[in-house]
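S.K.: Build me a structure from this.
(chains A and B)
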Amino acid sequence: MSFYESIFFWTALTIYCLASGGFCYAVVFRNDRVLGKLLAITATGLGMHTAAIAARYAAQGHLPWSSNYDNGLMGGWFIVLSTLYVCIRHKPIRVIGIATLPAVLLIMGYGVMRNPVLSPLDATLKSFWLFFHVFFAWLSFGAYVLAMGVGVLYLLREKKERAGQIVEFYQRFGSNDYLDDMMFRYLVFGFITNAVMIVAGAIWAKDLWGSYWSWDPIETWSLISWLMYGVAIHLRVTMGWRGSRFAWLMIAALMTVIINFFGVSLIMKSTVHVFRMG
Amino acid sequence: MMNAISKYLASLRFTLTLIISLTTMFLLSFILPQKELLKKQDYLQMKAGSPLFFSVMETLGLTEVYTSPVTLALWCFFFLNLVMVMWQRIPLVLKRVETFPEKIDDPRTAASYPMKLAVTLEDRSYGAVQNVLARAGYRIFGDAERFYAVKNRLSPLATLLFHLSFFLILLAGVITTYTKFVGYLEMGVGEAFHGELSRYKGSPRMPKIGAPPSTGLVLESVQPQVEQNVATGLVVGLRDDRGMLHTADINRPYKSGVTSFLVNDLGVAPLVVIQDERGRDLDGAYVKLDVAKGKKDRFRLYGYEIEARYFSDHLVVDGVDQSGSDAFSNPAMRLEASKNGVMIAASTLKAGESMSLDGNRLVLREMPFWVRFLVVKQHGDWLAYAGFIIATLALCWRLFLYRREIVGAVEQTDTGIDLYLACRCEFYRTAASQELNRINQLLNNSAVG
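M.R.: I've put the predicted structure just below:
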């Protein structure tokens, strides 16, 4: 980490911590008056986060593409950006930060504990297709996290409704149908960007390893994730899975993505994917 | 009985079962030791530790999950299911994208259209409604009394297209499998290659259909690039049969037709010469050595057995040879020569230096690089690309440009003209009300305009 990156990174992380606490407060005490302030705090955090990425770019000459820390830094940035977009565009679910910001804290925290060293871009990563591959990976990851976040809101609201309680705070999330549709929208966006990510990766692999598909553990796991979300789409479209069942599915399916990004390279040393461990 | 089986084989339930089964098989590859992922000696060591377990796993093909009979059978069923589902669905999808007069329901009573809207048009006519719907992207059928408007009418066709792309990718996979040639070729700087099979390292994988590559080339230059101990490039200059110069790098293979030369690895190929005491050359050769990253390699020359170690950025610390970094800034080579098992000389040399050797001299004339190419020739790439593109476009078409349908009626009343609309959208329940709100907004705007 460069000096300035380190300052911006830790400031952003601290702000996200505060914002996460604020979202918890808003949900636990059902106080939506603080949400506007929380969004402003989160936006400030995103500004710091962007500055950290810029400082890293300035120090190493390329965007953070490759290591676990890079994934945490950029993946977190995409999730926070998506969260703010959702908060501005879809006001009823602007409390979604309760689910997405802790996820950002986890992945950034995990990343910074791995290997935040500055390093030039490895020759294997210097590919036009890398930009597509990684960019769409983050887009899909961000969308899946949002789908999970809306799923959490759905379950929170539905739990109260099942208990026969109508809580005004939860009613502001929008109707159940609205939340249900939002989950599916983010799933669809994630699924399509995930497909583009796999395709771009396959084309890249052809020039790097000589084969579109090599059953590398991370490749395989990304296929597993994509298939799981494909199953989710089929279950909804053809078998009518909706509501809480679908919300749980979104939460469970996210596990496959988290394992893909952070877990596989921990347990499978034979992967040819470059997620540098430091 | 047959009907029940064929019904099940063509069901979506079976599709889901197959996807989950395939996923389970892939997951097994993370749990069970896989031949492809382990080094051969590690695999054999594990096998020796649990012979019974491995014999069962090997019998079931579970140590090579991706090509095991179970996985292949699941893939066969997957595509069979896909064919049967598509066969069933083609007429249904075609029927859905056609427009029939019976689709024009009464908007006030149509149960399949969950969202309804009634507005007074005041002084506006059916023509204004048509204009608004057309501006919103709808195609309109029928007349003022009863009409049907549809947006993204052909969207269901994308489902067929998406699944068709699977067959293209499958076909590409089959073609590449049968036509694929894979071989490793090591070339030193200045060396020529004319497609000779004997030049490949080990046994190349020969294509079942078609011929191995016949591309000829000369390796002109090799320029490894290292920054802060990270290999950032390996620029290779190649001259083809027609004398044209090409550049390749990691991630940027040299392509000649359907043959690709992927830059795979780097080594040093020093020109080692043995001279007699009067300086006459007795023997000499460019020796391709696998000495990257501190590895040791051996070669024989003029009866001497020589062990070599390479230092890309040579330093001597406490009398010990070391590499200060991975940069190729000060290359040197440690050579230890022995004869009949007895070491007779050892020295660390740079290009142009020599050492005495049992009455002779060993001269390290130069230290050029060699490069290992992964040579791949295969057909069917364009089919794979077509499959990828169709799959991506079809997904976007189907899931972003989903179908929206509106039925409507315009009725003259004592107070003016009433418009009744009912809407439904694929996939999203709330999208229909949003769509009606938008149409209403457009109608209001048109009134203001």
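S.K.: where exactly do the strands run in the stretch 301-449 of chain B?
M.R.: Taking DSSP state E, counting those that start in this stretch to define them, one finds strands in the stretch 301-449 of chain B at B:304-311, B:314-317, B:320-323, B:332-339, B:342-349, B:354-357, B:360-366, B:369-377, B:404-412, B:417-425.
S.K.: Going by neighbour count, which residues of the third one are buried?
M.R.: Translated: strand B:320-323. Using 16 or more other C-beta atoms under 10 Å in any protein chain shown as the test for burial, strand B:320-323 gives residue B:323. (Each C-beta comes from the backbone N, C-alpha and C, glycine too.)
S.K.: I'd like to know which elements that strand is packed against.
M.R.: Applying 3 or more C-beta pairs under 8 Å, 6 or more residues apart in numbering or on different chains; DSSP states H and E, one finds that strand B:320-323 contacts strand B:304-311, strand B:314-317.
S.K.: I'd like the strands of the stretch 301-449 of chain B written out as JSON lines, with mean pLDDT added.
M.R.: Converted to JSON lines, the strands of the stretch 301-449 of chain B look like this (pLDDT from 0 to 100):
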{"stretch": "strand B:304-311", "mean pLDDT": "89"}
{"stretch": "strand B:314-317", "mean pLDDT": "86"}
{"stretch": "strand B:320-323", "mean pLDDT": "84"}
{"stretch": "strand B:332-339", "mean pLDDT": "87"}
{"stretch": "strand B:342-349", "mean pLDDT": "86"}
{"stretch": "strand B:354-357", "mean pLDDT": "86"}
{"stretch": "strand B:360-366", "mean pLDDT": "87"}
{"stretch": "strand B:369-377", "mean pLDDT": "92"}
{"stretch": "strand B:404-412", "mean pLDDT": "87"}
{"stretch": "strand B:417-425", "mean pLDDT": "88"}
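S.K.: Could you export those as JSON lines, including distance to residue B:70?
M.R.: As requested, those are exported to JSON lines (distance: least, C-beta to C-beta, whole Å):
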{"stretch": "strand B:304-311", "distance to residue B:70": "47"}
{"stretch": "strand B:314-317", "distance to residue B:70": "54"}
{"stretch": "strand B:320-323", "distance to residue B:70": "48"}
{"stretch": "strand B:332-339", "distance to residue B:70": "51"}
{"stretch": "strand B:342-349", "distance to residue B:70": "56"}
{"stretch": "strand B:354-357", "distance to residue B:70": "60"}
{"stretch": "strand B:360-366", "distance to residue B:70": "55"}
{"stretch": "strand B:369-377", "distance to residue B:70": "29"}
{"stretch": "strand B:404-412", "distance to residue B:70": "44"}
{"stretch": "strand B:417-425", "distance to residue B:70": "41"}
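S.K.: out of the ones you listed, which comes closest to residue A:69?
M.R.: strand B:320-323 (26.9 Å; C-beta to C-beta).
S.K.: Which residues outside that closest one are in contact with it?
M.R.: For strand B:320-323, the external contacting residues (C-beta atoms under 8 Å, 6 or more residues apart in numbering or on different chains) are B:294, B:309, B:311, B:312, B:313, B:314, B:315, B:316, B:332, B:334, B:348.
S.K.: which among these end up buried?
M.R.: Among the contacts of strand B:320-323, those classed as buried by 16+ other C-beta under 10 Å are B:309, B:311, B:312, B:313, B:314, B:332, B:334, B:348.
S.K.: got any ranges where the stretch 1-150 of chain B has weak pLDDT?
M.R.: B:100-103, B:122-124 (pLDDT under 70).
S.K.: near chain A, which residues of it?
M.R.: B:12, B:15-16, B:19-20, B:22-23, B:26-27, B:29-30, B:36-38, B:66 (C-beta under 8 Å from any C-beta of the partner chain).
S.K.: In those, which residue is surrounded by the most others?
M.R.: Tallying neighbours with other C-beta atoms under 10 Å in any protein chain shown puts residue B:29 at the head of the residues of the stretch 1-150 of chain B next to chain A, with 23 neighbours.
S.K.: a markdown table please, covering the helices and strands packed on strand B:320-323 and showing distance to residue B:55.
M.R.: As requested, those are arranged in a markdown table below (distance: least, C-beta to C-beta, whole Å):
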| stretch | distance to residue B:55 |
| --- | --- |
| strand B:304-311 | 41 |
| strand B:314-317 | 51 |
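S.K.: Quick one: closest of these to chain A.
M.R.: strand B:304-311 (19.3 Å; C-beta to the nearest C-beta).
S.K.: Neighbouring strands of the closest one in the sheet, and parallel or not?
M.R.: strand B:296-301 (antiparallel), strand B:332-339 (antiparallel) (DSSP bridges).
S.K.: got the angle between it and strand B:360-366?
M.R.: Relative orientation of strand B:304-311 versus strand B:360-366 (axes from the mean of the first three to the mean of the last three C-alpha atoms, to 10 degrees): 40 degrees.
S.K.: Pick the one among the contacts of strand B:320-323 closest to residue B:194.
M.R.: residue B:312 (31.5 Å).
S.K.: pretty sure that closest one is touching residue B:294, no?
M.R.: No - using C-beta atoms under 8 Å, residue B:312 makes no contact with residue B:294, being 9.6 Å away.
S.K.: looking at chain A, which residue lies furthest from center?
M.R.: Centroid-distance maximum for chain A: residue A:164 at 33.2 Å, with C-alpha atoms, centre = their mean.
S.K.: Please tell me how far that residue sits from chain B.
M.R.: Using C-beta to the nearest C-beta, to the nearest Å, residue A:164 is found at 24 Å from chain B.
S.K.: Next, that residue: secondary structure please.
M.R.: Put simply, residue A:164 is coil when judged by DSSP: H, G, I helix; E, B strand; the rest coil.
S.K.: which ones are touching it?
M.R.: Counted by C-beta under 8 Å, 6+ apart, residue A:164 has zero contacts.
S.K.: Just the pLDDT for it.
M.R.: The score at residue A:164 is 80. That number is its pLDDT.
S.K.: Comparing the strands paired with strand B:304-311, which comes out most buried?
M.R.: The highest mean neighbour count among the strands paired with strand B:304-311, using mean count of other C-beta atoms under 10 Å in any protein chain shown, belongs to strand B:332-339: a mean of 19.
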